[in-house]
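> Quick one, fold the following:
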Amino acid sequence: MNTNITFLNIVAEYCNTPADEITNDMRFIEDLGFSSLDFMTFLGDLEDTFDVEIDEDEIINIHTIEDAIKYLDNLTSSSASV
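Below you'll find the model as predicted:
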C-alpha cells in the first residue's frame, strides 16, 4: 500500500479538492475547509486505515498535509520496528 496515495485519497474524501491537487503546504482547516469535527473524524480514519494510534497531545501540531504525512510516517515506521 502506498501510504501517501492512500493518505491523500482519505483527505480528498473530506474536502472538495481532488487528491492530485492537494499539496503538502495546504492547511486542513484554512485551505481544505475541514471543520474541527471533520478533522477529528479524519484522524480516526487514519488510525483505522494505517492501524496506528494518534497521540491526542500531538494533534495540535498537525496543521498541514506535510505535518500529517511526517507524523504518520513516523508512526508507521515505529509500528514496523516493534
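> Quick check: residue 23 is in a strand.
No: assignment of residue 23 by DSSP: H, G, I helix; E, B strand; the rest coil gives coil, placing it outside any strand.
> So it sits against residue 65, correct?
Yes: using C-beta atoms under 8 Å, residue 23 is in contact with residue 65, at 6.8 Å. No exception for glycine: its C-beta is placed from N, CA and C like everyone else's.
> quick one, which of the two is more surrounded?
Applying other C-beta atoms under 10 Å to residue 23 and residue 65 shows that residue 65 carries more neighbours, namely 21 against 12.
> how near is the more buried one to residue 39?
According to C-beta to C-beta, to the nearest Å, residue 65 stands 12 Å off from residue 39.
> which residues do these two both contact?
residue 28 (C-beta atoms under 8 Å, 6 or more residues apart in numbering).
> since we're on residue 10, how many residues are nearby?
Applying other C-beta under 10 Å, we find 17 residues neighbouring residue 10.
> Hmm, it is touching residue 49, no?
Yes: Residue 10 is within contact range of residue 49, at 6.5 Å (criterion: C-beta under 8 Å).
> residues in contact with the helix or strand of the chain with the lowest mean pLDDT?
Least confident helix or strand of the chain, by mean pLDDT, DSSP states H and E, is helix 65-80 with a mean of 88. Outside helix 65-80, the residues that touch it by C-beta under 8 Å, 6+ apart are 3-4, 7-8, 11, 22-26, 28, 46, 50-54, 58, 61-62.
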